[in-house]
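**Student:** how would this look folded up:
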Amino acid sequence: MMSFAWWLSLGVGFLSLSQEILWVRLVSFAYGGPPQAFSLVLALFLIGIALGAYAGKWLCARSRDLYAAGAVTLVAAALVDLLLPHTVHLFLGRDRPSLPWLPLAIVGTAALKSVLFPIAHHLGSNPSGPQVGSSVSRVYFGNILGSTLGPVVTGFVLLDRFTVEQCMTIVGLGCALLGALMSLRSGARRAKFAAIPVAAAAALAAAAAPGAVAVRGLAVRTGDEASRITNLVQNKHGIVHTASEAGQADVVFGGNSYDGRLTIDMASDPNGLARAYVLAAFHPAPRRVLVVGMSGGAWTRAVAGFPGVEQIDVVEINPAYLTLVGRYPEVAPVLADPRVRIHIDDGRRWLKRHPEATYDLIVQNTTFHWRSNAANLLSAEYFRELRQHMRPGAIVAINTTGSLDVYRTAQEIFPFTARFHSFVYGADRDFRAPAAEALARLASCRVGARAAFEPAQFEPGGLAHHIASDSVVPVADFLAGQGAADVGVVTDQNLLTEYRHGSREFLAALQRLLGSRAGSGK
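**Tutor:** Predicted structure coming up:
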């Protein structure tokens, strides 16, 4: 009896914490990756655990057959878990009313499983005698072990091999299996026969395990009414997808946030690649380049066409982007370019592990400043790390995504900083050059066998002329014109871009999480 109670405690802990990891993945994806997603799910999950434990205590005091009671509870939990992949997209998302369904769903899934924790203690603990303490601790240890293994196995192993929906189905099957085992141990004859339909339902659910029903229902599309999801890749690092748009190149989304377009067309520049060509215009001879965050590969393809570039190191944390890039002929050549070396790693960690690597250009077109973990690549400490990898005369380009704090942070670290559109550029000196020189360098840029810019774009009013003119301005002048008194320096401690001014921003983000429509541009 005590051995089964130990395994029951371990299994419930494993399934419960696995479910929490899956909820965090879904909620974060649905709302574009705000840092408050984890805290929201954790708070609701803890409420569910407390309510479930209270219900389990009530059952222990009143039920004559705890095995039967536990079996019924686990079957109910299994049914909910098996239904969620098919229904969660109906009440989760930026344009759907999340209240009260999202809190009820998270609290409910946590509560149904935590009912079993007091039951496992009741079944596996000695009510009296010298062994009471050790018997209680054994059951506790089983639950702690399962609760530890759940996030590790699910977060690092299962999510790298299965979709979120399939992982939710696996959790449901686990609950069904535990419920069947408890029904077989029940003294009630009817409960024993219940194991047969439970096993049949579990087998049916496994056979009909959804591919990506929930994620496809949550994935954002472009503004085009006919837009559809064209590619979707899931792994332990996150979810990446592309969406079509009439008359335009596909848009890539990382974690359900806009991540650029799969095009290098400079005629209308829908990708904002002019911000990359600023580097070609004002660095006289870049040979070694670092790209932090490959995304759809367009920026890497553009940089590869700068004259004189001999080597490009690309650090990308999610290998899913490589899969997508390989499916689009306009950007796929970067995967076969012998000058391009792709490293699957966190950008900051890779730089620390390669202190000897130095570059003439560093390009960082990473995600929105308000998203979870964004400050890891926007803090003063990280910018200091970048400086250690810059050769004399090097230029670093960083997407601020509109954060004045990031401009101010760059100004604090780099001797000279300038702004062009949403990018901040840092260097050890004023790198701006006469327009004639800048235009000559832009004229040498290529995309494959063709010129990057059409001749008309070098005329006044053209894009190349705009890049080479006085459009690149010092950050000090830009910030002075903003009149923002509360601009601060982002550090690893204050995480300004993610938690701007504490509770005010948290409440605003919480409101977005609970159903308001949110949007921004990159």
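**Student:** distance between the ends of stretch 327-344?
**Tutor:** Its start and end residues considered, stretch 327-344 measures 19 Å (C-alpha to C-alpha, to the nearest Å).
**Student:** what average pLDDT does it get?
**Tutor:** Average pLDDT, stretch 327-344: 96.
**Student:** over to stretch 266-280?
**Tutor:** On average, stretch 266-280 scores 95.
**Student:** does Thr230 count as helix, strand or coil?
**Tutor:** Following DSSP: H, G, I helix; E, B strand; the rest coil, Thr230 is assigned to strand.
**Student:** what's the burial count for it?
**Tutor:** 17 (other C-beta atoms under 10 Å). Where C-beta positions appear, they are placed from N, C-alpha and C, glycine not excepted.
**Student:** that one contacts Thr242, correct?
**Tutor:** Yes - using C-beta atoms under 8 Å, Thr230 is in contact with Thr242, at 4.8 Å.
**Student:** which neighbours do these two share?
**Tutor:** Common contacts of Thr230 and Thr242 (C-beta atoms under 8 Å, 6 or more residues apart in numbering): Asp250.
**Student:** what's near enough to touch the nearest residue to Gly402 once chain neighbours are set aside?
**Tutor:** When the adjacent residues along the chain are set aside, Gly402 lies closest to Ser422, with 5.9 Å between them (C-beta to C-beta, 6 or more residues apart in numbering). Contacts for Ser422 (C-beta under 8 Å, 6+ apart) come out as Gly272, Arg275, Asn399, Thr400, Thr401, Gly402, Lys522.
**Student:** which among the residues you listed end up buried?
**Tutor:** Gly272, Arg275, Asn399, Thr400, Thr401, Lys522 (16 or more other C-beta atoms under 10 Å).
**Student:** isn't Ala320 right up against His237?
**Tutor:** Yes - between Ala320 and His237 there is a contact at 6.8 Å, judged by C-beta under 8 Å.
**Student:** Ala285: what secondary structure?
**Tutor:** coil.
**Student:** please, which helix or strand holds the closest residue to it other than its chain neighbours?
**Tutor:** Excluding its sequence neighbours, the residue lying closest to Ala285 (C-beta to C-beta, 6+ apart) is Gly308, at 5.2 Å. Using DSSP states H and E, Gly308 sits in no helix or strand.
**Student:** same question, Ser244
**Tutor:** Short version, using DSSP H and E: Ser244 is in strand 238-245.
**Student:** now for the helix or strand following that strand, which elements pack on it?
**Tutor:** Remark: after strand 238-245, the chain's next helix or strand is strand 248-254, criterion DSSP H and E. Helices and strands touching strand 248-254, by 3 or more C-beta pairs under 8 Å, 6 or more residues apart in numbering; DSSP states H and E, are strand 238-245, strand 257-261, helix 320-325.
**Student:** can I get those in CSV including mean neighbour count?
**Tutor:** Shown next, in CSV, are the helices and strands packed on strand 248-254 (neighbours: other C-beta atoms under 10 Å):
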stretch, mean neighbour count
strand 238-245, 22
strand 257-261, 22
helix 320-325, 21
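**Student:** which one of the ones you listed lies closest to Ser135?
**Tutor:** Of all the helices and strands packed on strand 248-254, it is strand 238-245 that lies closest to Ser135, at 42.4 Å by C-beta to C-beta.
**Student:** contacts for that closest one?
**Tutor:** Strand 238-245 has contacts (C-beta under 8 Å, 6+ apart) with 25, 29, 164, 215, 219-224, 226-233, 250-256, 259, 262, 318, 320-321, 324.
**Student:** please compute how far the strand ranked longest in the chain lies from its chain's middle.
**Tutor:** Assignment by DSSP state E gives strand 390-399 as the longest strand of the chain. Here the centre of strand 390-399 is set off from its chain's centre by 27 Å, with C-alpha atoms, centre = their mean, to the nearest Å.
**Student:** okay, now the sheet partners of the strand holding Ser244, with direction.
**Tutor:** Next to strand 238-245 in the sheet, as set by DSSP bridges, lie strand 229-235 (antiparallel), strand 248-254 (antiparallel).
**Student:** deepest-packed of the ones you listed, please.
**Tutor:** strand 248-254 (a mean of 23; mean count of other C-beta atoms under 10 Å).
**Student:** tell me the angle that strand makes with strand 257-261.
**Tutor:** Angle between the axes of strand 248-254 and strand 257-261 is 140 degrees (criterion: axes from the mean of the first three to the mean of the last three C-alpha atoms, to 10 degrees).
**Student:** would you confirm that Phe162 contacts Ile170?
**Tutor:** Yes - contact criterion C-beta under 8 Å: Phe162 and Ile170 qualify, at 7.1 Å.
**Student:** mean confidence score for the strand holding Ser244?
**Tutor:** 95.
**Student:** okay, that strand in PDB with CA atoms only?
**Tutor:** The C-alpha atoms that make up strand 238-245 are tabulated as PDB, following Å, rounded to 0.1, in the frame of the first residue of the first chain:
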ATOM      1  CA  GLY A 238       9.400  28.100 -28.300                       C
ATOM      2  CA  ILE A 239       7.000  28.300 -31.200                       C
ATOM      3  CA  VAL A 240       7.800  29.900 -34.500                       C
ATOM      4  CA  HIS A 241       5.400  30.300 -37.400                       C
ATOM      5  CA  THR A 242       4.900  32.200 -40.700                       C
ATOM      6  CA  ALA A 243       1.700  33.700 -42.100                       C
ATOM      7  CA  SER A 244       0.900  34.700 -45.600                       C
ATOM      8  CA  GLU A 245      -0.300  38.100 -46.800                       C
END
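**Student:** show me the contacts of Ser422 that map onto strands.
**Tutor:** Asn399.
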